[in-house]
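Colleague: Sequence first, then the predicted structure, then my questions.
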Amino acid sequence: MLEQRIHLALGSQCNQDAVLHQLNASLKKNRLDDRIQVYCHTLNDLQKPACGIYPERIFYENINENLMRLLVEVQLLNKTPLEQFQQLKLDQSLIERFDQWDKDRFFYKQTRIVLKNAGKINPEDIQEAIAMDAYQALVKALTSMSPQEVLDEITLSGLRGRGGGGFSTGRKWQVAHDQKSEIKYVICNADEGDPGAFMDRSLLEGDPHAILEAMMIAGYAIGAKQGCIYVRAEYPVAVKRLEIAIHQAENLGLLGKNILDLGFDFSIEIRLGAGAFVCGEETALIASIEGQRGTPNPKPPYPSVAGLWGKPTIINNVETLANIPQILLKGSKWFRSMGTAASPGTKVFALGGKIKQTGLIEVEMGLSLKEVIYDIGQGCGQNKIFKAMQTGGPSGGCITREDLDTPLGFDELIQLGSMMGSGGMIVLDEDNCMVDVARFYLDFIVEESCGKCTPCRIGTKRLLEMLNKVTQGEGTLELLDEMEELAYYIKTSSLCGLGQTAPNPFLSTYHHFKDEYIRHVVDKKCDAKVCKALLEYTIQADLCKKCGLCARACPTYAISGVVGRDPFTIDPNLCIRCGACVLTCKFDAIKRQ
Amino acid sequence: MLDVKQLNEIKENSLKKMRLEDGQVTHRILIGMGTCGIAAGAQSVYDFLIEMKEVYQYPIEVLPTGCLGMCMFEPMVEVVEANDKHTMYIKMDPLKMKEILHHHIKEGYTLYAYTLQGGKDHA
């Protein structure tokens, strides 16, 4: 342990920003900010904020801005404990929590069920997977349960599709089971396309046998003998490991005819997708497997009734499937004991963006977003203020700091105007321009729209052009109204989910950050300093030392002046707003606004 | 044809092997080799360890594994010992790995500066 760490425990009532701000400012003032790490934790039952200093294990209760300043100057700089506040009697359980935080800052709030083997076993060796209980659920289903019992167990568990929609898995399977057909199919949807999401990839790479096992169980439950994994070709490692896993399972007799000598046949093949976003949609995915163009078709009939080659087909997301063996092994009651009543179980999230600890996390449903960001993700970078969180990929929306106490769940997030999606969480801080964020996602949608229906093909393109106008300073208030109207039409008249949710990035940012849009179109200013066309670089004459460094760095020769005599000036017509001059200036004389 | 009994046999044997109970292997070295790990350079760490194992006959088992979730600290290397002791080293490269082979595997003490706990704040 080489340096000190401060853990702040902040209750939901406490004035978090003021304390944190003072602490960061004091650390910076005393030049301790690169030696001391600050971690924030939220405790909903805590009335007074407390802090613990490690590795010394000194605790203070009832902290405020003033104490924070003293703490840095006396405790950390001079290594003298603060006598008057010394070691207030903290609850023993709270001290234990502090210890736990210090030991295990990333995992302590996580519940790993789906990811339990990822990073722990060799995914290219079936024996290690078997040692960690792989194929035990299949044995249980084949030996002691009828297909209907398996279905009931899944329905009772309340498992909901983790791909985004949140449809009940048990009901989906039941419909497919009730169809009278000789041939049925099980499809695993591993076509993960949301920007910033990589849950399915990690699962396939870390524990491919869980997916194979779950597909077999699904096949047994609905009466299918064939399975298919639709995975995108951009995931070469996942494809390779899946191939190895299928090959090893076939060699051992865990796939193929008469599995485990229990009279059940099942085979699995891999289909590679070319990586179109729309192919994650069920009907488009089926079309793609059939060799047709990957475009969605109107529902009903649902795939559970008539899917691949017109036969009943169930399509489940990778993460949904990975839950199945665990539910069968441990029972639906165990599964229900986690999460909320409407959304039981856990969810894997890919945490990214402006956050200290990025990565893949699995948490119980019902955890608040605040805990995810500040406890697991450890907050935004130093001295940066959290602005919003984008969930659900291009179909989702933004969640602002006012809503951070909301518990995670399918319905809760939809109420906030966002959605669970497949689980990408992108954190945005004060340096992100919300108009630019909306423009990025819409750009993605325009690229990925399949072009079948007009509102999606042309509407999103027009919406993107309007957003571009706003970022380039050509927007008007009337344009914003037009955009809102167009977004409404795209939403109501598109064919599939992609189009129906396409305007969400715009609508959600417009709803929550209307003032930012208005500032773009009325004042022509971008406060986050992202939209280049709205930026203005000026050299402050009183700070300029006339050294000429900036003029040499400028790629367009927009800066003129005479070294040692005249202050330098920037020609705004030639300036391309690259920021090279700001980086070279040693005297902070160049202002960007 | 494999039946349920044989499956359970495989399970037990493999568990024994993973808990390092047979004594031939003293350390299980798991390298995070998901896409994130490989992108951060895990392949060179893996190749290096395989080579070192062959040349110096270290009693170790070198295995690739998936992503543990902390993609920002890749390449991560987990050293597992017989008494269920896990040590997580982060941001590895062949040079650091050489030190770990010498100090941790041979001499038996942990290099805290490279671990998740000690090295994290430096990284």
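Modeller: Sure thing, it's come through. All values derive from a computational prediction rather than experimental measurement. Numbering: from 1, shown residues only, chains lettered A, B, ... in the order given.
Colleague: Return the per-residue confidence for the residue in chain B that chain A sits nearest to.
Modeller: Closest approach between chain B and chain A, counting by C-beta to the nearest C-beta: B:Gly66, at 2.3 Å. Bear in mind the C-beta positions are built from the backbone N, C-alpha and C, glycine included. On the pLDDT scale, B:Gly66 is placed at 87.
Colleague: so what's the residue most central in space within chain B up against?
Modeller: Nearest to the mean C-alpha position of chain B, by C-alpha atoms, centre = their mean, lies B:Ile29 at 1.9 Å. By C-beta atoms under 8 Å, 6 or more residues apart in numbering or on different chains, B:Ile29 lies in contact with B:Leu49, B:Ile60, B:Glu61, B:Val62, B:Leu63, B:Val77, B:Glu78, B:Val79, B:Val80.
Colleague: Quick check, the fourth one in contact with B:Tyr46.
Modeller: Yes. Counting by C-beta atoms under 8 Å, B:Val62 does reach B:Tyr46; the two are 6.8 Å apart.
Colleague: number of nearby residues for the spatially closest residue to A:Pro123 that is not a sequence neighbour?
Modeller: Residue nearest to A:Pro123 in three dimensions, not counting chain neighbours: A:Arg241, with 5.1 Å by C-beta to C-beta, 6 or more residues apart in numbering or on different chains. The tally of other residues near A:Arg241 (other C-beta atoms under 10 Å in any protein chain shown) stands at 23.
Colleague: ok, A:Asp443 to A:Thr471 distance?
Modeller: Taking C-beta to C-beta, to the nearest Å as the measure, A:Asp443 falls 11 Å from A:Thr471.
Colleague: what about these two, which has more around it?
Modeller: Each of A:Asp443 and A:Thr471 has its neighbours counted (other C-beta under 10 Å); A:Thr471 has more, 20 against 16.
Colleague: Quick check, pLDDT for that one.
Modeller: So A:Thr471 comes in at 88 (pLDDT).
Colleague: ok, back up a step: among the contacts of B:Ile29, which are located in strands?
Modeller: Secondary structure assignment by DSSP state E places B:Ile60, B:Glu61, B:Val62, B:Leu63, B:Val77, B:Glu78, B:Val79, B:Val80 of the contacts of B:Ile29 in strands.
Colleague: between these, which has the most around it?
Modeller: Going by other C-beta under 10 Å, B:Val77 tops the ones in strands among the contacts of B:Ile29 with 26 neighbours.
Colleague: wait, isn't that one in contact with B:Met97?
Modeller: Yes. In this structure, B:Val77 is within contact of B:Met97 by C-beta under 8 Å, at 7.0 Å.
Colleague: what sits in contact with each of these two?
Modeller: Joint contacts of B:Val77 and B:Met97 (C-beta under 8 Å, 6+ apart) are B:Val45.
Colleague: Report the secondary structure element holding the residue nearest to the centre of chain B.
Modeller: Using DSSP states H and E, B:Ile29 sits within strand B:27-32.
Colleague: Parallel or antiparallel, list what pairs with that strand.
Modeller: Strand B:27-32 has these partner strands in its sheet, going by DSSP bridges: strand B:60-65 (parallel), strand B:77-81 (antiparallel).
Colleague: After the shortest one, which helix or strand is next?
Modeller: This means strand B:77-81. Counting by DSSP H and E, what follows strand B:77-81 is strand B:86-89.
Colleague: What is that next one packed up against?
Modeller: strand B:77-81, helix B:116-119 (3 or more C-beta pairs under 8 Å, 6 or more residues apart in numbering or on different chains; DSSP states H and E).
Colleague: centre of the chain versus that strand, how much separation?
Modeller: Computed by C-alpha atoms, centre = their mean, to the nearest Å, the chain-centroid distance of strand B:86-89 equals 8 Å.
Colleague: Check what contacts that strand and list those residues.
Modeller: B:76-81, B:96, B:100, B:104, B:110-111, B:114-116, B:119.
Colleague: Neighbours of B:Tyr56, how many?
Modeller: 11.
Colleague: Chain B against chain A: which residues are in contact?
Modeller: Proximity of chain B to chain A (C-beta under 8 Å from any C-beta of the partner chain) is limited to residues B:1-4, B:7, B:10-11, B:13-15, B:17-18, B:30, B:32-36, B:38, B:63-72, B:78, B:112-113, B:117-118, B:121-122.
Colleague: Just the buried residues out of those, in PyMOL syntax.
Modeller: Here is the PyMOL command that selects the buried residues among these (16 or more other C-beta atoms under 10 Å in any protein chain shown):
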select buried, chain B and resi 2+4+7+10+11+14+15+17+18+30+32+33+34+35+36+38+63+64+65+66+67+68+69+70+71+72+78+117+118
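Colleague: Just the residues of chain B next to chain A: which are in helices?
Modeller: B:4, B:7, B:10-11, B:13-15, B:17-18, B:35-36, B:38, B:117-118 (DSSP state H).
Colleague: can I get those residues in CSV with pLDDT and distance to A:Ala190?
Modeller: Shown next, in CSV, are these (pLDDT from 0 to 100; distance: C-beta to C-beta, whole Å):
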residue, pLDDT, distance to A:Ala190
B:Val4, 81, 29
B:Leu7, 83, 26
B:Ile10, 86, 27
B:Lys11, 86, 27
B:Asn13, 85, 31
B:Ser14, 85, 26
B:Leu15, 85, 29
B:Lys17, 83, 30
B:Met18, 83, 27
B:Thr35, 88, 13
B:Cys36, 87, 17
B:Ile38, 89, 18
B:Gln117, 68, 35
B:Gly118, 62, 37
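Colleague: Tell me the one among those residues nearest to A:Gly161.
Modeller: Closest approach to A:Gly161 among these (C-beta to C-beta): B:Thr35, at 24.3 Å.
Colleague: what's the neighbour count on the closest residue to the closest one other than its chain neighbours?
Modeller: Distance criterion C-beta to C-beta, 6+ apart; nearest residue to B:Thr35, sequence neighbours excluded, is A:Val237 at 5.2 Å. Residues near A:Val237, counting by other C-beta under 10 Å, number 20.
Colleague: Which neighbouring elements make contact with the host helix or strand of A:Lys491?
Modeller: Assigning secondary structure by DSSP H and E places A:Lys491 in helix A:477-493. Applying 3+ C-beta pairs under 8 Å, 6+ apart, one finds that helix A:477-493 makes contact with helix A:460-471, helix A:497-501, helix A:504-512, helix A:514-518.
Colleague: Distance of the residue in the stretch 401-550 of chain A that chain B sits nearest to relative to A:Thr391?
Modeller: Residue nearest to chain B within the stretch 401-550 of chain A (C-beta to the nearest C-beta): A:Gly423, separated by 12.6 Å. Distance from A:Gly423 to A:Thr391, counting by C-beta to C-beta: 8 Å.
Colleague: okay, those two: which has more neighbours?
Modeller: A:Gly423 (28 against 25).
Colleague: List just the nearest of the contacts of B:Ile29 to A:Asn297.
Modeller: Lowest distance from A:Asn297 to the contacts of B:Ile29 (C-beta to C-beta) belongs to B:Leu63, with 44.5 Å.
Colleague: Skip the chain neighbours and tell me the closest residue to A:Cys554.
Modeller: Counting by C-beta to C-beta, 6+ apart, the nearest residue to A:Cys554 once its immediate chain neighbours are dropped is A:Cys581, at 5.8 Å.
Colleague: so which strand or helix has that neighbour?
Modeller: Per DSSP H and E: helix A:580-584 holds A:Cys581.
Colleague: just to revisit the earlier point, wait, doesn't the residue nearest to A:Cys554 sit right on A:Tyr537?
Modeller: Yes. Counting by C-beta under 8 Å, A:Cys581 does reach A:Tyr537; the two are 6.7 Å apart.
Colleague: between those two, which one's more packed in?
Modeller: Ranked by neighbour count (other C-beta under 10 Å), A:Cys581 and A:Tyr537 place A:Cys581 first, with 24 against 21.
Colleague: So the more buried one versus A:Cys398, what's the distance?
Modeller: From A:Cys581 to A:Cys398 the distance is 33 Å (C-beta to C-beta).
Colleague: next one: A:Leu260
Modeller: Using C-beta to C-beta, one gets 49 Å for the distance from A:Leu260 to A:Cys398.
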